[in-house]
Every structure is written in C-alpha cells, then in structure tokens.
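Enquirer: The following comprises the amino acid sequence and a computationally predicted model.
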Amino acid sequence: MALIVQKYGGSSVADADSIKRVAKRIAEAKRAGDDVVVVVSAMGDTTDELIDLAQQITPLPPQREMDILLTAGERISMSLLAMAISSLGVEAQSFTGQQAGVITDSAHGKARIIDVTPSRIQQAVDSGAVAIVAGFQGVTQHTNDVTTLGRGGSDTTAVALAAALHADVCEIYTDVDGVFTADPRIVPSARKIDRITYDEMLEMAASGAKVLVLRCVEYARRYGVPVHVRSSFSTRTGTLVTDAPTEQGAPMEQPIIAGVAHDRSEAKITIVDVPDVPGKAARIFEVVAGAGVNLDMIVQNVSVASTGRTDISFTLPATDGAAATAALTEHQPDIGFTSLQYDDTIGKLSLIGAGMKSHPGVSARLFAALSDAGINIEMISTSEIRISVVTRADQLDDAVRAVHTAFDLDSADEQAVVYGGTGR
C-alpha cells in the first residue's frame with residue numbers, strides 16, 4: 001500500500017463531466033489499495049472570472065478580501081469532487097487549506113508556506129477516506145486570515161502536503177501527458193521526457209515552462225518528494241521528476257539537452273547613459289528591489305571611454321514594468337542616467353540540460369541554429385545547465401522550433417497531444 005497525493009488542475013475539473021471522470025480515476029486508485037489525498041484547483045476559468053467580478057466592483061479591491069473571494073473557487077471544486085467520489089461508493093471528505101493545516105506568511109495574493117500540520121488529513125486517511133484538499137490557499141500563522149499562494153499555488157500545496165505526509169509520490173495531473181522537450185502547442189513534434197532531474201525542471205520552470213511552477217519544484221527538491229507529471233485525460237505514463245538513481249537498464253549519462261523552454265511574459269528596461277563609477281549599479285538595483293521587482297537577465301555595456309558612461313539593460317516580469325520605471329524615474333537625479341527605454345515586445349528562449357556542462361559546442365550549435373533561422377539575439381544569460389537568449393516576441397515561436405530541431409529533440413513516432421487548453 002502506498003500513500004499518493006494527487007493534484008488536478010482547473011482544466012481537469014472544468015465541468016461536471018470532467019469532475020466525474022476524475023472521481024472515477026481517484027476511486028480506482030483507492031480500490032487498488034492505495035491511500036489517496038487529492039489537491040484540487042478551481043474549475044476551469046473560475047479564478048479569472050472571480051477576479052473580473054471583483055474589478056467590476058472596484059479597480060483596487062483590498063488584498064485580504066480578494067483572497068477570501070478567490071479561495072471560493074477551490075472550495076466549490078473540492079466539495080463537488082467529494083460528492084462525485086462518494087457517489088461511486090468510496091468515502092471522501094473535503095477540507096479547506098485551513099482545515100488541512102497549511103500555514104502561510106501574511107503576504108496576501110502571494111503567500112509562502114511556513115508549515116503544514118495535516119493532522120486532520122492523516123485522520124481522514126487512517127479512517128479509510130479519500131481526503132480532498134482545496135489547493136492554492138492557507139491561513140496566516142497568528143491571525144488565521146485566509147491567504148492565497150499565487151498562480152500555480154495548487155501545485156505547491158500538493159507537494160507540501162506530500163512532504164508533510166511522507167507520501168510515496170506526488171502526482172500532478174494536467175492536460176498534457178507529461179513534461180515535453182518543448183511546449184507541444186508550438187512544437188507538435190516535441191518528445192515526452194520520461195525522467196528529469198529537479199535541477200533541470202527548476203530551470204525549465206524558471207524559463208517559462210508552465211507544466212510545473214517554480215515553487216512546487218523547489219519544494220519537491222528540498223524535501224525529496226518524487227513528482228509524477230501525468231494527464232488526467234489519458235492513462236499514459238508521464239514524467240518523473242526526481243534525483244533518485246536511474247532505473248536499471250537506463251542510460252548511465254543524462255541526455256545533453258532536456259528541452260527548450262520559452263517565456264513571453266517578460267519586458268526589458270534599458271537605462272541609458274549611466275555614469276560608469278562604483279556604486280551606480282548597486283544604487284539602480286537597490287531602487288528596483290525597493291519597488292518589489294524581481295529581475296532576470298542583466299547586461300551592462302562596455303563603458304564609452306570619451307564619456308565615462310554606459311548602458312545597463314535587464315529583463316523583468318512585464319507586470320512589474322510600471323513599478324520599476326516609476327521607481328527609477330523618481331531616483332533619476334541621484335543615479336544620474338539620461339533616459340529609460342521600456343520594451344515589452346521581447347521573448348526569452350532557454351536551452352536546458354544537465355549534460356551541456358560536460359559537452360563542448362552547445363553554445364555554438366544554439367547560435368548557429370538561431371542565425372540560420374534569421375533570429376537576432378539581444379541578450380544572453382547562462383548557468384551551468386542553461387543558456388537563455390532574448391529575441392523579438394514575434395520571432396520566438398520560430399526560434400523555439402529551430403533550436404528544438406537543431407538539437408535532434410523532435411519525436412519521429414507521434415505528435416504530442418494537448419487535451420485541454422492551458423498546459424496546467
């Protein structure tokens with residue numbers, strides 16, 4: 001008997017028929033002899049609809065009240081799923097994030113999990129019931145205010161519960177058959193990856209791959225939780241995310257390249273004519289950090305000898321563009337730059353693979369593929385297992401396909417299937 005934590009995304013429980021299909025899968029797992037805990041997202045586009053409804057009331061709703069509103073979506077789906085499972089003759093109990101013992105900090109809208117004390121979940125499992133937990137939500141440590149964990153928070157809830165319950169595996173059910181070498185919506189010939197390391201999955205998630213969120217993978221690596229990414233629309237074996245030794249008969253070495261990820265949600269700010277003296281770069285990034293903005297890629301040009309000035313460019317989430325530009329403009333006199341350039345028509349492509357650190361020529365092959373496709377590179381960033389480049393947004397899809405083919409990642413067997421519409 002194994003303890004399995006399963007997570008179902010919004011596309012998997014989008015309507016009554018979908019909920020019944022998921023309930024049947026859960027009931028089959030329980031009847032097979034496993035203990036099952038389920039984390040569920042809101043149905044379909046419920047969260048977006050609730051956000052739209054709030055903005056019809058006021059353009060700036062209080063964050064505390066927004067969290068109370070948005071957690072309603074998961075509560076609806078968890079109770080309906082528990083009803084569907086019970087109708088199949090399997091006992092099921094639903095629990096809110098608070099009842100499940102998910103304790104968070106007080107950052108409404110983007111809370112981080114501090115602790116999980118799942119005593120009620122363990123009691124339900126011990127009694128023979130399937131426990132259904134509302135994802136994406138918790139409560140603050142001291143005031144018991146309801147909080148939400150941000151987009152993809154149900155993935156994080158599932159892995160955190162799996163760690164606290166010492167589960168054998170955390171199954172993340174989505175609308176694709178696993179983790180692919182590229183987004184199958186852009187590259188239909190993308191190949192499903194059977195096994196991937198935490199580090200590679202972290203880089204892919206950070207680089208725009210939406211099948212798993214970054215915080216979920218970070219949590220899984222920290223607590224050693226094996227994550228199995230599968231589709232709720234098929235019975236195919238998915239992708240195992242783990243650092244456990246390779247299975248008997250598997251290749252001893254990792255493939256050079258795990259996949260190609262892309263991200264079109266970033267923007268670029270260029271600070272023009274910054275005095276090239278010690279402390280100016282530090283001041284710039286202090287100002288940006290003070291505005292609560294996270295940066296990704298940073299490039300500083302070589303100083304112009306005649307002027308002693310340089311340009312500094314960085315990428316950031318496009319949603320933070322207004323905050324960053326406002327903060328920098330406010331501090332323009334003491335920083336001393338001439339102007340700001342803001343560009344939200346960029347795309348980021350990332351090549352990821354643990355094998356690249358021991359194989360020369362990966363960079364040359366990447367840049368040759370982009371050149372042959374007529375793709376211009378604006379910025380470059382690297383890590384031990386990743387190379388990222390910034391291109392024009394309207395060239396990003398062509399760039400992904402060109403690089404995917406150049407590294408022989410295309411599948412010759414079959415095309416990837418997207419059963420839903422979001423990849424989550």
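Expert: In hand now; what should we look at?

Enquirer: Helices of the protein, start to end?
Expert: Assigned by DSSP state H, the chain shows helices spanning 16-31, 46-57, 63-86, 119-126, 153-165, 198-206, 214-223, 280-290, 321-330, 332-335, 362-372, 396-406.

Enquirer: Buried residues of the third one, list them for me.
Expert: What it means is helix 63-86. Within helix 63-86, the residues that qualify as buried are 64, 66-71, 73-82, 84-86, counting by 16 or more other CB atoms under 10 Å. All C-beta spots, glycine's among them, are computed from the backbone N, C-alpha and C.

Enquirer: Please identify the most buried of the helices of the chain.
Expert: helix 153-165 (a mean of 27; mean count of other CB atoms under 10 Å).

Enquirer: how about the helices of the chain, which one is nearest Leu240?
Expert: Closest of the helices of the chain to Leu240 is helix 198-206, at 10.3 Å (criterion: CB to CB).

Enquirer: Measure how far that closest one is from the centre of its chain, please.
Expert: Relative to the chain's own centre, helix 198-206 is displaced by 9 Å; criterion: CA atoms, centre = their mean, to the nearest Å.

Enquirer: Please give me every residue in contact with the closest residue to Gly308 other than its chain neighbours.
Expert: Distance criterion CB to CB, 6 or more residues apart in numbering; nearest residue to Gly308, sequence neighbours excluded, is Asp276 at 5.4 Å. Contact analysis of Asp276 by CB atoms under 8 Å, 6 or more residues apart in numbering lists 303, 308-310.

Enquirer: which of those residues has the most neighbours?
Expert: Greatest neighbour count in the contacts of Asp276, by other CB atoms under 10 Å, goes to Thr310: 20 neighbours.

Enquirer: For that residue, list each beta-bridge partner.
Expert: Beta-bridge pairing of Thr310 under DSSP bridges involves Val274.

Enquirer: That one and Ile284 touch, don't they?
Expert: No - look at Thr310 against Ile284 with CB atoms under 8 Å: they stay out of range, at 11.4 Å.

Enquirer: Okay, strands next: where are they in the stretch 101-250 of the chain?
Expert: Counting by DSSP state E, counting those that start in this stretch, one finds strands in the stretch 101-250 of the chain at the ranges 102-104, 113-116, 130-134, 137-140, 146-148, 169-174, 195-196, 227-231, 239-241.

Enquirer: List the contacts of the spatially closest residue to Met78 that is not a sequence neighbour.
Expert: With sequence-adjacent residues excluded and distances taken as CB to CB, 6+ apart, Met78 is closest to Ser94, at 4.2 Å. With contact taken as CB under 8 Å, 6+ apart, Ser94 is in contact with 75, 78-79, 81-82, 132-134.

Enquirer: can you check Pro62 too?
Expert: No contacts exist for Pro62 under CB under 8 Å, 6+ apart.

Enquirer: go on, Ala324?
Expert: Residues near Ala324 by CB under 8 Å, 6+ apart: 269, 288, 291, 293, 316.

Enquirer: Do you know the pLDDT at it?
Expert: Looking at Ala324, its pLDDT reads 96.

Enquirer: okay, now the nearest residue in space to it that is not next to it in sequence: neighbour count?
Expert: Distances taken as CB to CB, 6+ apart put Val293 closest to Ala324, at 4.7 Å, once the chain neighbours are dropped. By the criterion of other CB under 10 Å, Val293 has 21 neighbours.

Enquirer: Kindly report the same for Gln300.
Expert: The burial count for Gln300: 14, using other CB under 10 Å.

Enquirer: so what's it bridging to?
Expert: Ile312.

Enquirer: wait, doesn't it sit right on Asp311?
Expert: Yes - with contact defined as CB under 8 Å, Gln300 reaches Asp311; the gap is 7.5 Å.

Enquirer: in this structure, which residue is closest to the centre?
Expert: Val213 (1.8 Å; CA atoms, centre = their mean).

Enquirer: Just list the residues touching the residue nearest to it when sequence neighbours are not counted, thanks.
Expert: Nearest non-adjacent residue to Val213, counting by CB to CB, 6+ apart: Gly152, 3.1 Å away. Gly152 makes contacts with 212-213, 215-216, 424, as judged by CB under 8 Å, 6+ apart.

Enquirer: so which of those residues comes closest to Gly238?
Expert: Comparing those against Gly238 with CB to CB places Leu212 closest, at 11.3 Å.

Enquirer: ok, back up a step: looking at the residue nearest to Met78 now. What's its pLDDT?
Expert: Here the pLDDT value assigned to Ser94 is 97.

Enquirer: what do you get for Ser11?
Expert: For Ser11, pLDDT reads 88.

Enquirer: how close does it get to Leu240?
Expert: Remark: distance between Ser11 and Leu240 (CB to CB, to the nearest Å) = 22 Å.

Enquirer: Those two: who's more crowded?
Expert: Taking other CB under 10 Å, Ser11 and Leu240 do not tie; Ser11 has more neighbours (24 against 19).

Enquirer: and the nearest residue to Ala124 once chain neighbours are set aside, what pLDDT?
Expert: Excluding the flanking residues, the one nearest Ala124 by CB to CB, 6+ apart is Ala131, at 4.3 Å. For Ala131, the pLDDT comes out at 98.

Enquirer: hang on, isn't Ala131 packed against Phe95?
Expert: Yes - applying CB under 8 Å, one finds Ala131 in contact with Phe95, separated by 6.3 Å.

Enquirer: which residues are common contacts for the two?
Expert: Contacts common to Ala131 and Phe95, judged by CB under 8 Å, 6+ apart, are 121, 124.
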